[in-house]
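Colleague: whatever this is, show me its structure:
(one chain, ligands or ions: 1)
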Amino acid sequence: MPELPEVETVRQGLAELLPKHVVTGVNSVYDKSFPNAPVDVQKFLIGARVSAVRRRAKVLMIDLDTAYTLLIHLKMTGQLVYRADNGERFGAGHPNHSLVGELPDNSTRVDLQLDGAQLFFNDQRRFGWVRLLPTSEIPNIDFFKKVGPEPLAADFTPADFRARLQRRPNTTIKAAILDQTVIAGIGNIYADEGLWGAKIHPATRVKDVSVAKLNNLYRELREVLELSIAKGGSSDRNYVDAKGKRGSYLTFAKVFRREGQACPRCGHEIIKTRVAGRGTHLCPHCQKEPTS
Ligand SMILES: [Zn+2]
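Modeller: Model prediction:
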């Protein structure tokens, strides 16, 4: 599933390409992918100029000069591919052949026509979606009202992080950081990597993690997210081999899917277990199991 760094990679690429383009048409081959009323589409999408591309948690927002915004959630298998008439191409999201292949293909759900380019929303499993909404209404939709702060926001401090976690004292630390209402966009990979970096066993209850370790976790999570964005944030618009992308996605990992290998810090064997209902990778030497 595309996680926060992959969605941010999509945003960075599209933010360079989409603004100033005018939407000239839209095709949706699957109603659930883009269930908007045709009247709104005609009035607020067709003829609109793209003004900005933003992200909140794992939701992309393409702002239009009609004061409407296209919201896009990639979910399990979504990806966006931009293709200009001059051959320039950028694609990111779920890494499969559609990123580089002929489009539209059988995974294309929405095809947005622009002046001089096209934007394809491809989604093999069809859990993703595109919605057209008034920009001013976005903060009021359920998802945005509930979702926690952005972990990389400049104004998100270690004290905010601790305070949000400490409201769930009896939850395991892994479950707490995966909870999107506590903090936005931390997926399984980043949870395991951050907890390893901070030397915290994922099954430790929040109340049993020291302030110093919570501060370390804050720093480790931000570092691993930034590193991953830097790796995925290739400036090469002409792209991006789908398989190479999948490779680079995990090359930075110290514990995730490294069970049986040596911990890069202490040399003990990394194990895979289950915490918070999720496959969990840890070093049993660096990350001591809670005693209580
Ligand atoms: Zn270790």
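Colleague: right, and the ion sits closest to which residue of the stretch 101-250 of the chain?
Modeller: Residue nearest to the ion within the stretch 101-250 of the chain: residue 196 (7.7 Å; CB to the ion). Every C-beta, even on glycine, is put in place using the N, C-alpha and C of the backbone.
Colleague: so that residue belongs to a helix, correct?
Modeller: Yes: under DSSP: H, G, I helix; E, B strand; the rest coil, residue 196 sits within a helix.
Colleague: count the neighbours of residue 177 for me.
Modeller: Residue 177 has 29 neighbouring residues, counting by other CB atoms under 10 Å.
Colleague: what of residue 265?
Modeller: 14.
Colleague: now it. Nearest residue, chain neighbours left out?
Modeller: Closest residue to residue 265 apart from its sequence neighbours, by CB to CB, 6 or more residues apart in numbering: residue 286 at 5.7 Å.
Colleague: which parts of this structure sit against the ion?
Modeller: For the chain, the residues in contact with the ion (CB under 5 Å from the ion) are 263, 265-266, 268, 283, 285-286.
Colleague: between those residues, which has the most around it?
Modeller: When neighbours are counted by other CB under 10 Å, residue 283 leads the residues of the chain next to the ion with 24 neighbours.
Colleague: roughly how far does it sit from residue 158?
Modeller: Applying CB to CB, to the nearest Å, the value for residue 283 to residue 158 is 24 Å.
Colleague: cool, residue 258 as well?
Modeller: Taken as CB to CB, the span from residue 258 to residue 158 is 28 Å.
Colleague: out of these two, which sits in the more crowded spot?
Modeller: residue 258 (20 against 15).
Colleague: how about the nearest residue to the more buried one, chain neighbours excluded?
Modeller: Nearest residue to residue 258, sequence neighbours excluded (CB to CB, 6+ apart): residue 270, at 4.9 Å.
Colleague: isn't that neighbour up against residue 261?
Modeller: Yes: using CB atoms under 8 Å, residue 270 makes contact with residue 261 at a distance of 5.6 Å.
Colleague: rewinding a little: would a markdown table of the residues of the chain next to the ion with secondary structure and pLDDT be doable?
Modeller: What follows is the residues of the chain next to the ion, written out as a markdown table (DSSP: H, G, I helix; E, B strand; the rest coil; pLDDT from 0 to 100):
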| residue | secondary structure | pLDDT |
| --- | --- | --- |
| 263 | coil | 98 |
| 265 | coil | 97 |
| 266 | coil | 98 |
| 268 | coil | 98 |
| 283 | coil | 98 |
| 285 | coil | 98 |
| 286 | coil | 97 |
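Colleague: before we move on, the earlier item: residues in contact with the residue nearest to residue 265?
Modeller: 196, 199, 263, 265-266, 268 (CB atoms under 8 Å, 6 or more residues apart in numbering).
Colleague: just want to know which of residue 270 and residue 261 has more residues nearby.
Modeller: Shown here are residue 270 and residue 261; by other CB under 10 Å, residue 270 has more neighbours (24 against 12).
Colleague: which residues are in contact with the host helix or strand of residue 227?
Modeller: With elements taken from DSSP states H and E, the one containing residue 227 is helix 211-232. Under the contact criterion CB under 8 Å, 6+ apart, helix 211-232 has outside partners 4-6, 8-9, 12, 92, 151-152, 158, 161-162, 165, 173, 177, 185-186, 190, 193-195, 197-200, 209, 245, 248-249, 251-252.
Colleague: out of these, list just those in helices.
Modeller: 4-6, 8-9, 12, 158, 161-162, 165, 173, 177, 190, 193-195, 197, 245, 248-249, 251 (DSSP state H).
Colleague: make a ChimeraX selection of the buried ones in those.
Modeller: Here is the ChimeraX selection string for the buried members of the ones in helices among the contacts of helix 211-232, based on 16 or more other CB atoms under 10 Å:
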select :4,5,6,8,9,12,161,162,165,173,177,190,193,194,195,197,245,248,249
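Colleague: after the helix or strand bottoming out on mean pLDDT in the chain, which helix or strand is next?
Modeller: Across the helices and strands of the chain, mean pLDDT, DSSP states H and E gives its lowest value to helix 242-251, namely a mean of 48. From helix 242-251 onward toward the C-terminus, using DSSP H and E, the following helix or strand is strand 271-275.
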